[in-house]
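1. my questions concern the predicted model and sequence given below.
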Amino acid sequence: MALYVGVDLHRDYSMVTVLGARGKPLRQLRLRNDSLGDFMASLREKPAVVLEACRNWGYAVELMEPHARQVVLAHPKKTKAIASAKIKTDKIDSETLARLLRSELVPTSYIPPQEIRDLRDLLRHRAGLVRLRTRVKNRVHVVLSRYGLVSPFSDLFGVAGRRWLRALSGLRPTHREMVDRYLRVIEALEAEIGPLSEEIEALVEDDAQAQLLCTIPGIGRYSALLIMAEIGEPSRFPDPKHLASYAGLVPSVRASGGRVHLGGITHEGSAWLRWILIQAAPKAVKGSPRLASLYQRVAHRRGPQKAKVAVAHELLAIIWHMLHSEQPYQERSRKQR
């Protein structure tokens with residue numbers, strides 16, 4: 001007898017509903033998340049399982065995958081039967097998920113293989129450390145601004161800049177100690193970022209697709225590997241428009257009374273993919289006359305930020321074509337693509 005399991009996942013616990021082949025509820029109970037795998041293993045046969053995509057879905061999937069015939073990740077914003085319900089409880093949500101799964105009506109999200117999930121975590125971890133280092137550097141600038149001090153070096157945190165910071169006189173004792181502590185934190189973070197960056201560099205050597213993306217102006221090794229990790233399997237996107245939609249780099253659309261209004265980009269999908277492309281855009285503009293021309297046209301009409309987004313969108317279209325043709329980047333006009 002086929003079993004269908006709906007899991008309403010929360011931070012520490014889940015509400016679980018088990019349906020039989022005919023849709024009859026067989027069990028409904030609340031479980032600690034760390035016991036989800038054991039519960040699935042206790043069922044008389046491997047079930048099909050559905051849960052909504054949320055912050056800790058990866059952990060739950062890893063526990064349940066070995067004991068399930070299928071694990072489906074439901075797109076939370078597209079599961080309208082739950083989002084629009086007037087009466088919402090954990091029990092109702094888990095049962096609704098199970099019934100949608102049984103009826104094959106679940107709007108699914110992509111579940112990347114375990115190795116891709118681990119790679120995403122590694123790359124995002126490095127990004128988190130770099131962002132933390134940037135925040136600490138900004139605190140040093142705040143201290144200097146209190147004294148009207150301007151660094152004589154273009155790179156305040158280069159070798160000469162740090163020497164200048166350590167020798168800086170005229171700071172009150174509290175602020176002198178703050179700067180010294182910030183510098184120690186920066187150095188500690190760099191001690192973690194350095195080996196991590198080397199590990200990522202080595203991973204690119206074994207990834208032909210990431211090496212291919214490195215031929216694009218503005219795309220370095222870290223960027224290429226992060227792009228590939230966020231895309232996952234390129235074949236799941238039938239055309240560049242679908243990939244751009246996944247990255248949230250397409251305009252929002254509002255249609256009413258025969259009128260269509262295009263708004264700002266949707267910001268849906270992979271925030272990390274969108275972030276790295278927008279970060280790469282200014283460098284790409286410097287290395288590609290074609291992308292520079294696009295940037296200038298859009299910046300003239302709509303401003304520099306919109307222009308960066310337009311370049312990011314174009315980069316993603318280029319990436320789609322390169323991954324499907326398995327050819328390196330070639331500078332050409334948009335009509336030639």
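-> Cool, the structure landed. Numbering: from 1, shown residues only.
2. for the helix or strand hosting residue 128, the averaged confidence score.
-> Assessed by DSSP states H and E, residue 128 sits inside helix 114-146. The pLDDT scores in helix 114-146 average 96.
3. just name whatever secondary elements it is in contact with.
-> helix 173-205, helix 221-231, helix 271-287 (3 or more CB pairs under 8 Å, 6 or more residues apart in numbering; DSSP states H and E). All C-beta atoms are positioned from the backbone trio N, CA, C, and that covers glycine.
4. who does the second one touch, helix- and strand-wise?
-> I take that to be helix 221-231. On a contact count with 3+ CB pairs under 8 Å, 6+ apart, helix 221-231 meets helix 114-146, helix 173-205, helix 208-213, helix 271-287, helix 304-325.
5. would you turn these into TSV with mean neighbour count and distance to residue 50?
-> Listed next are the helices and strands packed on helix 221-231 as TSV, based on neighbours: other CB atoms under 10 Å; distance: least, CB to CB, whole Å:
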stretch	mean neighbour count	distance to residue 50
helix 114-146	14	18
helix 173-205	14	32
helix 208-213	19	31
helix 271-287	19	24
helix 304-325	19	29
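6. tell me the contacts of residue 106?
-> 50, 72, 74, 79, 97, 100 (CB atoms under 8 Å, 6 or more residues apart in numbering).
7. swap in 7 Å and give it another go.
-> 50, 72, 74, 100 (CB atoms under 7 Å, 6 or more residues apart in numbering).
8. tell me the helix or strand right after the strand or helix carrying the last one.
-> In other words, residue 100. Using DSSP H and E, residue 100 sits within helix 90-102. Toward the C-terminus, helix 90-102 is succeeded by strand 108-109 as the next helix or strand (DSSP H and E).
9. return the list of helices and strands in contact with that following strand.
-> In this structure, strand 108-109 makes packing contacts with strand 70-74, judged by 3 or more CB pairs under 7 Å, 6 or more residues apart in numbering; DSSP states H and E.
10. tilt between the strand it packs on and helix 90-102?
-> Counting by axes from the mean of the first three to the mean of the last three CA atoms, to 10 degrees, strand 70-74 lies at 120 degrees to helix 90-102.
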